[in-house]
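> Give the three-dimensional model of this entry:
(2 chains)
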There are 2 protein chains.
Amino acid sequence: MKVDIIIHGGHMLTMEGKGVGYIEDGAVAIRHNRIEAVGTSKEIMENHTAERYIDAAGKLIMPGLIDAHIHTGLSIFRGVAQDMSDWMQKGLWPFQKHLRPEEAVKGSMVNIIEGIRAGTTTFCDYDGRMDLIVDNYKQIGARARVAEMVNEIPANLGDLPVGELYPFNPSIGEEKLNRNLTLYDNHHNVEDGRISVILGPHGPDMMSLELLGEIKDHAERLDTQMHMHVAQGDREIDQMVKRYGKRSIEFLDEHGFLDERLIAVHLTEATQAETERVARSGAGMVYCAGSIGIIDGLVPPVQQFLDAGGSACLGSDQAPGNNSNNMFNEMKFAAILNKVKYEDSRVFNATQSLRMATIEAAKVMGLGDETGSLKPGKKADIILIDLTAPTFFPVLTKPIRNIVPNLVYSARGDEVETVIIDGKVVMEDRKILTIDEQLKISEAQSAAEDIAARAEPDILKADSDILKMVREDLL
Amino acid sequence: MKVDIIIHGGHMLTMEGKGVGYIEDGAVAIRHNRIEAVGTSKEIMENHTAERYIDAAGKLIMPGLIDAHIHTGLSIFRGVAQDMSDWMQKGLWPFQKHLRPEEAVKGSMVNIIEGIRAGTTTFCDYDGRMDLIVDNYKQIGARARVAEMVNEIPANLGDLPVGELYPFNPSIGEEKLNRNLTLYDNHHNVEDGRISVILGPHGPDMMSLELLGEIKDHAERLDTQMHMHVAQGDREIDQMVKRYGKRSIEFLDEHGFLDERLIAVHLTEATQAETERVARSGAGMVYCAGSIGIIDGLVPPVQQFLDAGGSACLGSDQAPGNNSNNMFNEMKFAAILNKVKYEDSRVFNATQSLRMATIEAAKVMGLGDETGSLKPGKKADIILIDLTAPTFFPVLTKPIRNIVPNLVYSARGDEVETVIIDGKVVMEDRKILTIDEQLKISEAQSAAEDIAARAEPDILKADSDILKMVREDLL
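Prediction:
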């Protein structure tokens, strides 16, 4: 059969089966935007011819990585809020209150560039003004499963005293929900299905039970999922207990929100019993190792969730928390932080991390038939990684195979050379072909400087730990 | 004054003072192998002319990183021993027993390439057959402070039953000590002082008290330091208690080994009281965050050591444990693992990590007058980092400076563009000029494959967790 692209002669991880689906001399045939065939080079070359051949000698062929939870609109604040107390109120908020939608969009593009350069092909972006941000994905050619973040909180939330109940404003809620629904109407399954839309309630503490119920009804009607922060921090639990006399997970369960439509993000504050309750409900979990480690100094109960039979995956979260949006970073952090949590080197092995950034992530995000592994019929989201980089040295296949451990524990992300998304070569020789990277970065840099200038009085007023460090030349 | 190189127009971190010594429009003048002057571009350009000017616009100028504890001779085993129990006996040893010195040297070179590419300019290498490995540093042009690892253990240590007292063989001890002393005689302060030699007792459990005393006498005579594993694991403590009825630190203290000549590596098993005892003695500490996290699932008491007034720094340790020898990785892991240990986001901030990979590392390793900061009179070990990389976006200087957090939490290491060591440009545009990188990597790759083939029967016999994973297609 004639196909568009054949990639051949590389070490290959299909991520099919229970493990990593290793093929020593692997090849994949791509036709239009789908994977036509997967096998050894011999098998593929015997049965197909192609418009273009990509020789993957010395390279690793594998599915693109999936970032299951990212707020790209906050990328413009990377590095301004860490190592501190009150990161939201004193770190992020003094900047964020000055953010204009067009600036968030510019920052988002750099975040997407960062991700693609580190092999991310699918971004599960969850942010405000996704109607604007979605254009970045169209332009750069990445796969995106986006949700508008819906709450009914006034814009000045960050100015509220800590501990006070959030005031709900139903008209804000309706406006944001409408934005999510319009996003769905206008963008769901556009670009040959490369862009898809799900619903994005911000968190159980961020809206009335009525609004949350309304979103759930829409999810049923549209037969789609809800991407939502759940038990994400002590602030959330405090709000829930004050408002309803119950913690988040009990509340969600009692009102019928725990089911396979729910993608529960973080679960940082979930107890063992609560974690098991969510896992058994069929809801998925997203674990953001770097972000929760750096902002909260905590390791959420992801291993308990898995042990209870749940499906979980990895996300990089927002830049001003994690500071990094690179799934290599997340795979590594996830493994080491859980080893340390359990004081056991065998916990959270490299394969588990890799699966949670590929096939398991696809399943959790409702994309299991589309991406996350190399399988005929799936969309062609494929990355090529340079195995001659020092970080992959040595490459051994017999009797021990060490590519996966070196991918998770050693690689930095820059070893990714080629990125194919939906059958199109988006990055080649480490250069993104679809946009002008340096131009996008410099436009976003100017926007960041503008925000910092406008925000200066609020930043000075917040008098954060970081500002003190700057004053004392400690930063 | 006429100098050789002026680097100008970049953001600069001198790492002088208590913090990071930030200069917005910084410049540094290099004459022969030393830093002649440091200041603003205006100051430097007014008072100096140079043979060569390096424009650092959009770049960060900072001291090269120091890897205070690395066994480069084990690099050839990267990725073969993690996520497992008995990593030494079942993971590393079946390979290591087949390692030939010339193969260790080839692997070491790739490790050094990996480090330089990620901004490491000083390697405190501690391994067997350093007489051969040291040539790699001469050839590539890196700064090295090396020690021959001295013990009196027969070569088949990995074959001994766990829990049995190590047999000491004084003739092995004398041979290895002589190798360390010969190394000192032949290589200490060669290459204009770029290569220096210290002493390297393997650990208090690895030799008799007599031999350890002999090494200490040589350290006094030569007025030098001892690089030594201390309380590195439960196996060491078990040996010490069985042999002497005491734990390592009590033993070392009673026999006069705790003082400013000691560089104590790991302290993984040190109690709070023992940690304080070492810190107060004036000994330094090396903390290997990634290695101990991955091999042992533990976070050594480095913060307690610092709180007790000790000086500590970071090291990447050996590739088959950590899998990565990149100080960006270490800075990031050190910060996040300690935040999680203390459940406090303020613990181990980015500046602390960065200082422990530069100026504090230089002090601990006895190189405080030579390297670790940009200061007139110090050796010119300088790196330039591309701040237009997405990982550094945005670069803000006012009112918050975010370069240091993004360096520690976001950068991957590949943003390092130029590496100057001892006044010589060793890497430019990410290309190492002094050796043929791809040739060195492919030579070492062949050696690794040879070892794996020779070691196959032992690897099969060890029947490790990893081998099972390979068999089940989980790797």
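> is any part of the longest helix seen in chain A close to chain B?
In chain A, taking DSSP state H as the definition, the longest helix is helix A:437-462. Yes - where contact is defined by CB under 8 Å from any CB of the partner chain, part of helix A:437-462 touches chain B, namely A:437-438, A:441-442, A:444-445, A:448-449, A:452-453, A:456, A:459-460. Just so you know, the C-beta spots here come from the backbone N, C-alpha and C atoms, and that holds for glycine as well.
> Report the buried members of the residues you listed.
Using 16 or more other CB atoms under 10 Å in any protein chain shown as the burial test, those include A:Glu437, A:Ile441, A:Ser442, A:Ala444, A:Gln445, A:Ala448, A:Ala452, A:Ile459 as buried.
> what is the mean pLDDT for the longest helix of chain A?
Helix A:437-462 comes out with an average pLDDT of 97.
> Tell me who's in contact with A:Leu92.
Shown in contact with A:Leu92 (CB atoms under 8 Å, 6 or more residues apart in numbering or on different chains): A:Leu74, A:Phe77, A:Val80, A:Ala81, A:Gly158, A:Pro320.
> can you do 7 Å?
Neighbour list for A:Leu92: A:Phe77, A:Ala81, A:Pro320 [criterion: CB atoms under 7 Å, 6 or more residues apart in numbering or on different chains].
> Also A:Ala362?
A:Ile66, A:Gly368, A:Glu370, A:Thr371, A:Gly372.
> can I get these in JSON lines with neighbour count and pLDDT?
Converted to JSON lines, the contacts of A:Ala362 look like this (neighbours: other CB atoms under 10 Å in any protein chain shown; pLDDT from 0 to 100):
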{"residue": "A:Ile66", "neighbour count": "30", "pLDDT": "98"}
{"residue": "A:Gly368", "neighbour count": "16", "pLDDT": "98"}
{"residue": "A:Glu370", "neighbour count": "20", "pLDDT": "98"}
{"residue": "A:Thr371", "neighbour count": "29", "pLDDT": "98"}
{"residue": "A:Gly372", "neighbour count": "30", "pLDDT": "98"}
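> Show me those that map onto helices.
Nothing among the contacts of A:Ala362 maps onto helices, per DSSP H.
> ok, which of the residues you listed also contact chain B?
The subset of the contacts of A:Ala362 within reach of chain B, counting by CB under 7 Å from any CB of the partner chain, is empty.
> Who are the contact partners of the residue lying closest to A:Lys341 once chain neighbours are set aside?
In this structure, A:Lys341 finds its nearest non-sequential neighbour in A:Val299, 4.5 Å apart by CB to CB, 6 or more residues apart in numbering or on different chains. Listed by CB under 7 Å, 6+ apart, the contact partners of A:Val299 are A:Gly293, A:Leu337, A:Asn338, A:Lys341, B:Val340.
> can we see that at 10 Å?
A:268, A:287, A:289, A:292-293, A:333-334, A:337-338, A:340-342, B:336, B:340, B:343 (CB atoms under 10 Å, 6 or more residues apart in numbering or on different chains).
> What residues does the stretch 101-250 of chain A have near chain B?
A:Lys106, A:Gly107, A:Met109, A:Val110, A:Asn111, A:Ile112, A:Ile113, A:Glu114, A:Gly115, A:Ile116, A:Arg117, A:Ala118 (CB under 10 Å from any CB of the partner chain).
> now those in CSV, with pLDDT?
Listed next are those as CSV, based on pLDDT from 0 to 100:
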residue, pLDDT
A:Lys106, 98
A:Gly107, 98
A:Met109, 98
A:Val110, 98
A:Asn111, 98
A:Ile112, 98
A:Ile113, 98
A:Glu114, 98
A:Gly115, 98
A:Ile116, 98
A:Arg117, 98
A:Ala118, 98
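> Can you tell me which of those is nearest A:Val426?
Nearest to A:Val426, judged by CB to CB, of those is A:Ile116 at 6.4 Å.
> burial measure for the closest one, as a count.
Here the number of neighbours of A:Ile116 (other CB atoms under 10 Å in any protein chain shown) works out to 27.
> would it count as being in a strand?
No - counting by DSSP: H, G, I helix; E, B strand; the rest coil, A:Ile116 is not part of a strand but helix.
> contacting residues around it?
With the criterion set at CB under 10 Å, 6+ apart, A:Ile116 makes contact with A:64-65, A:123, A:140-142, A:383, A:416, A:419, A:421, A:426-427, A:432, A:434-435, A:437, B:390.
> run the last query once more with 7 Å
Contact analysis of A:Ile116 by CB under 7 Å, 6+ apart lists A:Ile140, A:Ala142, A:Val419, A:Val426, A:Met427, A:Ile432.
> circling back: mind listing what's buried along the next helix-or-strand element following the longest helix of chain A?
Downstream of helix A:437-462, the next assigned helix or strand under DSSP states H and E is helix A:465-471. Residues of helix A:465-471 classed as buried: A:Asp465, A:Ile466, A:Leu467, A:Met469, A:Val470 (neighbour count, 16+ other CB under 10 Å).
> Same list (those residues) but as JSON lines, adding pLDDT and distance to chain B.
Below are these laid out as JSON lines (pLDDT from 0 to 100; distance: CB to the nearest CB, whole Å):
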{"residue": "A:Asp465", "pLDDT": "91", "distance to chain B": "7"}
{"residue": "A:Ile466", "pLDDT": "92", "distance to chain B": "6"}
{"residue": "A:Leu467", "pLDDT": "94", "distance to chain B": "7"}
{"residue": "A:Met469", "pLDDT": "94", "distance to chain B": "7"}
{"residue": "A:Val470", "pLDDT": "94", "distance to chain B": "5"}
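> would you turn the contacts of A:Ile116 into JSON lines with secondary structure, neighbour count and pLDDT?
Below are the contacts of A:Ile116 laid out as JSON lines (DSSP: H, G, I helix; E, B strand; the rest coil; neighbours: other CB atoms under 10 Å in any protein chain shown; pLDDT from 0 to 100):
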{"residue": "A:Ile140", "secondary structure": "helix", "neighbour count": "23", "pLDDT": "98"}
{"residue": "A:Ala142", "secondary structure": "coil", "neighbour count": "28", "pLDDT": "98"}
{"residue": "A:Val419", "secondary structure": "strand", "neighbour count": "28", "pLDDT": "98"}
{"residue": "A:Val426", "secondary structure": "strand", "neighbour count": "22", "pLDDT": "98"}
{"residue": "A:Met427", "secondary structure": "strand", "neighbour count": "25", "pLDDT": "98"}
{"residue": "A:Ile432", "secondary structure": "strand", "neighbour count": "19", "pLDDT": "98"}
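> So for the closest residue to A:Lys2 other than its chain neighbours, what pLDDT did the model give?
Nearest non-adjacent residue to A:Lys2, counting by CB to CB, 6+ apart: A:Thr49, 5.4 Å away. Note for A:Thr49: predicted pLDDT of 98.
> same deal with A:Met88?
What the model reports for A:Met88 is a pLDDT of 87.
> how much space between it and A:Val162?
A:Met88 sits 9 Å away from A:Val162, going by CB to CB, to the nearest Å.
> In terms of neighbours, single out the busier of these two.
With neighbours defined as other CB under 10 Å, A:Met88 and A:Val162 compare such that A:Met88 has more, 17 against 9.
> Now do the same for the more buried one: helix, strand or coil?
helix.
> Pull up the gap between it and chain B, please.
A:Met88 sits 11 Å away from chain B, going by CB to the nearest CB, to the nearest Å.
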